[in-house]
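Chemist: would you be able to build a 3D model of this:
(one chain, ligands or ions: 2)
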Amino acid sequence: MKIIMLGAPGAGKGTQAKMIAEKYSVPHVSTGDIFRANIKNGTELGKQAKEYMDKGQLVPDELTVKILLDRVAQDDCKNGYVLDGFPRTIPQAEVLDEALTKLSESIDYAINVDVPDENIVGRMGGRRACVKCGATYHVKYNAPKVEGVCDACGDKLILRDDDAPETVQKRLDVYHEQTQPLIDYYEKKGVLKTVDGTVDMKDVFAAICEILG
Ligand code: ADP
Ligand code: AMP
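Modeler: Numbering: from 1, shown residues only. Ligands and ions are numbered 1, 2, ... in the order given. Predicted structure coming up:
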């Protein structure tokens with residue numbers, strides 16, 4: 001099963017993608033997580049990506065597409081995957097489609113987690129992330145057992161540099177301009193499913209499970 005998560009930054013794509021990955025036994029592939037791991041490890045890719053990420057901009061397609069195609073070519077992605085944060089532009093979606101077409105494959109579901117902009121800024125200010133294992137928390141809606149410590153791996157939780165309110169606004173602008181057109185793109189392909197992302201995360205997940213079966 002090949003699934004794409006669509007939605008604004010902070011809509012809950014990562015939260016839902018992790019639950020989908022667990023229930024349906026497919027890897028969760030997040031380009032944002034891959035970039036953050038590279039930043040943490042001080043790689044050249046990380047240095048390049050950070051310049052864009054800190055400004056709330058998209059990392060250029062040339063850098064992003066290659067890491068994603070390399071990742072989904074790995075063995076664990078043979079039976080499918082859930083993509084979180086990719087594609088974010090029409091050219092990215094086209095490259096993914098071309099690569100899949102060559103394998104006689106295609107995307108099964110593009111799940112659009114719908115949350116209006118006014119809900120987003122509060123969510124991002126409360127988000128806490130574990131860069132080591134990729135787990136995500138919220139100080140109010142999904143608090144870790146011990147403040148500042150990851151339940152899953154015990155590492156320190158951080159407030160992401162790009163979750164500052166000014167950067168969140170910029171990311172929302174970029175989303176509307178460059179990523180939102182993908183909703184139409186996948187609608188035309190007949191694979192778009194929209195869920196209400198403003199309800200409790202368990203209820204969002206229940207709606208997604210109903211779609212995926
Ligand atoms: P995205 O991957 O789309 O950027 P996240 O999954 O990281 O978004 O969610 C953003 C923040 O909102 C996190 O702190 C997360 O815990 C919280 N969150 C996710 N889904 C919900 C929800 N349905 N209700 C309230 N908060 C949520
Ligand atoms: P995310 O963790 O998905 O919120 O992504 C964090 C940041 O990483 C984004 O704001 C972008 O700067 C960058 N990024 C992640 N995925 C992509 C992508 N598919 N295309 C371009 N930039 C991306």
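
Chemist: now what about the strand or helix carrying residue 124, what contacts it?
Modeler: According to DSSP states H and E, residue 124 maps onto helix 117-126. Helix 117-126 is contacted from outside by 8-12, 115, 138-141, 163, 165, 168-169, 172, 198, using C-beta atoms under 8 Å, 6 or more residues apart in numbering. C-beta coordinates here come from the backbone N, C-alpha and C atoms, glycine included.

Chemist: show me these that map onto helices.
Modeler: 165, 168, 169, 172 (DSSP state H).

Chemist: from those residues, which would you call buried?
Modeler: Among the ones in helices among the contacts of helix 117-126, those classed as buried by neighbour count (16 or more other C-beta atoms under 10 Å) are 168, 172.

Chemist: for the ones in helices among the contacts of helix 117-126, which one is nearest residue 155?
Modeler: residue 168 (23.8 Å; C-beta to C-beta).

Chemist: next one: the closest one from ligand 2, what distance?
Modeler: Computed as C-beta to the nearest ligand atom, to the nearest Å, the residue 168 to ligand 2 distance reads 10 Å.

Chemist: ok, now which ones touch that residue?
Modeler: So residue 168 contacts 9, 10, 56, 120, 121, 124, 125, 162 (C-beta under 8 Å, 6+ apart).

Chemist: most neighbours of all those residues, which one?
Modeler: Using other C-beta atoms under 10 Å as the neighbour criterion, residue 10 leads the contacts of residue 168 with 27 neighbours.

Chemist: and the pLDDT at that one?
Modeler: Per-residue confidence (pLDDT) for residue 10: 95.

Chemist: how about the contacts made by it?
Modeler: Residues in contact with residue 10 (C-beta under 8 Å, 6+ apart) are 115, 120, 123, 124, 127, 168.

Chemist: mind running it again at 7 Å?
Modeler: Each residue near residue 10 by C-beta atoms under 7 Å, 6 or more residues apart in numbering is listed here: 120, 123, 124.

Chemist: check whether the lowest-mean-pLDDT helix or strand in the chain comes near ligand 2.
Modeler: Least confident helix or strand, the chain: helix 117-126 with a mean of 91, by mean pLDDT, DSSP states H and E. No: Helix 117-126 lies out of reach of ligand 2 by C-beta under 6 Å from any ligand atom, never closer than 9.3 Å.

Chemist: can you list the residues of this protein near ligand 2?
Modeler: Residues of the chain lying close to ligand 2 by C-beta under 6 Å from any ligand atom are 9, 31-32, 35, 52-53, 57-59, 64, 85-88, 92, 162, 171.
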